[in-house]
Each structure stands twice: as C-alpha cells, then as structure tokens.
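Asks: here is a sequence together with a model predicted from it:
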Amino acid sequence: MKIKTIVLCSSASFYKKLFPIKKTLEEKDYKVLLPKTAYVMKRTNNFDLSFYKTWHKNPKDFKKKRALMDGHFEKIVKGDGILVANFEKKGVEGYIGGNVLMEIALAYYLKKPIFILFDIDEKSPFKEEVYGINPVFLKGDIDKILL
C-alpha cells in the first residue's frame, strides 16, 4: 500500500502549531510535508515572523518569498491532498490569508482533496471562494481525513 502524502498549509503565524498535527498524521501512516520555513523555525527555535519576512523591509527580498511559494507549490503538486491549518488570528476565527488561498486554488485546480481544520470566519474576505471549491471542513477533528 502506498503511503499517502498530506501537505500542510497555513499562515506562517501558525507554523509552530503544525508540528503536533504532523505527528498525529504520521501516527496514522501519512507522510506529511510542511512549508520550508516551518522546519527552519523549529530547528532554530525562532518563530519570530519578522526575522523571516525580510521583504517587508527590503522589497528586493520578495524573490525569497517567491522561492518559498514555489517550493511549497511543488509539494502540493507532489502530494495527495492538502490540510489547511486555520486557527484564530487577530480576532478572526479560522483565518485563511491570501497565500493559503493560492495554495487552496492550486490544490483545487489539480483536483486534490482539500481539508480545512476549522470553519472560516463569516468576515473572511475569501469565504465565497473557499466554500465555492467545496472543501471538507474537519471541525477540528483530524480523524475525519480520508485519503
């Protein structure tokens, strides 16, 4: 039996929370891929986003952002499905930002299963697009993933 691969997608603000999810999925015999920066953050124990998002102060560094996006998109292409880890951020429940929306769109286009950990906030500017692709909302229960 082939091991199924799940790619975790989330706001960089949530990267520290991805590792327990990864462990839970691996215990269920899934291979789990995370964004490159999440692995760097864990290895260095530095989860300060301003340290990594240098393009905010130096626009020439947007090439770094693009390279990170390209790398994660490649993981989505190779994976069997994605899990969006969307926690509360700045008072928005089930936060999904622009970059994660792009990852969802790629998975949708590639006809990959899309799982979203929590319902999204009614105020989300992307609610219509997210619901339009008909993902599986897990209501916080990772055991509902079926790949």
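Replies: Received the coordinates, thanks. Numbers count the residues shown, from 1 in each chain.
Asks: measure the closest residue in space to L110 that isn't next to it in sequence to Y109 for me?
Replies: In space, and not counting its chain neighbours, L110 is closest to V77: 6.6 Å by C-beta to C-beta, 6 or more residues apart in numbering. Quick note: C-beta positions are derived from backbone N, CA and C, even for glycine. Per C-beta to C-beta, to the nearest Å, V77 is found 10 Å from Y109.
Asks: joint contacts of these two?
Replies: Shared contacts of V77 and Y109, defined by C-beta atoms under 8 Å, 6 or more residues apart in numbering, are not found at any residue.
Asks: ok so, going back, mind checking the SS state of the residue nearest to L110?
Replies: At V77, secondary structure determined by DSSP: H, G, I helix; E, B strand; the rest coil is helix.
Asks: tell me how far it lies from F51.
Replies: Separation of V77 from F51 (C-beta to C-beta) stands at 28 Å.
Asks: for E27, same thing?
Replies: Distance, E27 to F51, using C-beta to C-beta: 31 Å.
Asks: these two: who's more crowded?
Replies: More neighbours surround F51 than the other of E27 and F51, with 11 against 8 (other C-beta atoms under 10 Å).
Asks: pretty sure the more buried one is in a helix, no?
Replies: Yes: assessed by three-state DSSP, F51 belongs to a helix.
Asks: residue contacts, it?
Replies: Shown in contact with F51 (C-beta under 8 Å, 6+ apart): no residues.
Asks: 10 Å instead?
Replies: Residues near F51 by C-beta atoms under 10 Å, 6 or more residues apart in numbering: 40-41, 44.
Asks: what subset of these is buried?
Replies: Buried members of these, counted by 16 or more other C-beta atoms under 10 Å: M41.
Asks: return the distance of the lowest-mean-pLDDT helix or strand in the chain from the chain's centre.
Replies: Sorting the helices and strands of the chain by mean pLDDT, DSSP states H and E puts helix 49-52 at the bottom, at a mean of 76. Mean-position distance between helix 49-52 and its chain equals 18 Å (C-alpha atoms, centre = their mean, to the nearest Å).
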